[in-house]
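Student: Sharing a model prediction with you, sequence too.
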Amino acid sequence: MSVSDESEGRPDSRTVLVRIRAALPALRPSEKRIARVFLDDPAGAAGLSIAEIATECGTSTTSVVRFYKRIGYARYQDLRTDLTREAMREKLENPNLPSLSGDVNRDDTVDDIVAKVALNETLSIADTAKMLDTKELARAIGLVLSARRVDIFGVGASSFVGLDLQQKLSRIGRTALNWPDSHSAWTSAATLDESCVAIAISHSGSTIDTGEFLAIAGGAGAATIAITNFSESALADTADVVLTTAARETRFRSGALGSRIAQLMVVDCLFIGVAQASYEVSMAALRSTYTAVHRGLGARS
């Protein structure tokens, strides 16, 4: 996937909001305030001058300049243009989505909550599809295909995503283990070897326990895969293969909500890729597991 706009010598306008979100953890406090202004209202922020952005964020114009250069722009005007393009593109590509956006607030109705959650999660999936590196995905599929065993670990909401992947791989006859706590995960990781794969899932990429799991697995010789929202995170630096999500988080809705949707999409792509590459064996296993489950349910009725 290309993230550069060759015709104008700057980053692809389609990735501007995703890149701002991805940069958030590493930004200075003043730069984070600037980023939030652009993320909360891209079209509106695009109409503001550098001085107006600085005033709104309670910071200096130097901080604004440092921010836009950090995300790949040599000129502020280029950033403003791309923000306008992306806001318009999202509106045109998703005409049936609710118009409500932004964070959930105390005055929202139940209808507002549903609309905002639907909007953010739909766009999280769309952004992840746009940003997911298919070459890296293909590498991950190949590693899982050839693995004797796949160990999976994540903390909190990521642990549920790991369990989903473990159950899917088991359905097609793959030996996959999902570890519920860090000590068990570390112990297992230490027993892996070159025939195994370790998959770590963390939205932030900075969860210490998850990073330790991947480091131990890699040290034992296993191939390592990270699923994270931040390609420059510590977890990504540890992994052989990085599958990047592009979840849309708000300050009210933590990573336990928005990131899970994007992670599940990546997990589904990984699973389907593995199943397709071993089509006959996988289909036979799916038929067998389906029959076993329905036979068991029939015996209970």
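Tutor: Alright, I've got the coordinates.
Student: Tell me who's in contact with the residue nearest the centre of the chain.
Tutor: To find the centre residue of the chain, average its C-alpha atoms and take the closest one (Cα atoms, centre = their mean): that gives T245, at 1.9 Å. T245 sits next to 124, 128, 131-132, 203, 227-229, 259, 262-263, 265-266 when contact means Cβ atoms under 8 Å, 6 or more residues apart in numbering. Any C-beta I mention is one placed from the backbone N, CA and C, and that applies to glycine too.
Student: which non-adjacent residue is nearest it?
Tutor: Of all residues not flanking T245 in the chain, A262 sits nearest, at 3.7 Å (Cβ to Cβ, 6 or more residues apart in numbering).
Student: Give me the pLDDT for that neighbour.
Tutor: A262 carries a pLDDT value of 92.
Student: before we move on, what about E90?
Tutor: Value listed for E90 in the pLDDT field: 73.
Student: ditto for the one 5 residues further on
Tutor: pLDDT, P95: 62.
Student: what's the answer for G255, then?
Tutor: 48.
Student: same deal with the one 10 residues further on?
Tutor: Among the per-residue scores, M265 shows a pLDDT of 95.
Student: Average pLDDT for the helix or strand harbouring A115, rounded please.
Tutor: Using DSSP states H and E, A115 sits in helix 110-131. Across helix 110-131, the average pLDDT comes to 83.
Student: which outside residues touch the helix or strand following that helix?
Tutor: The helix or strand immediately downstream of helix 110-131 is helix 134-146, counting by DSSP H and E. With contact meaning Cβ under 8 Å, 6+ apart, helix 134-146 is reached by 1, 150, 169, 174, 197, 223, 225, 240-244, 266, 269-270, 273-274, 277-278.
Student: what's downstream of helix 134-146, the next helix or strand?
Tutor: Following helix 134-146 in sequence order, the next helix or strand is strand 149-154 (DSSP H and E).
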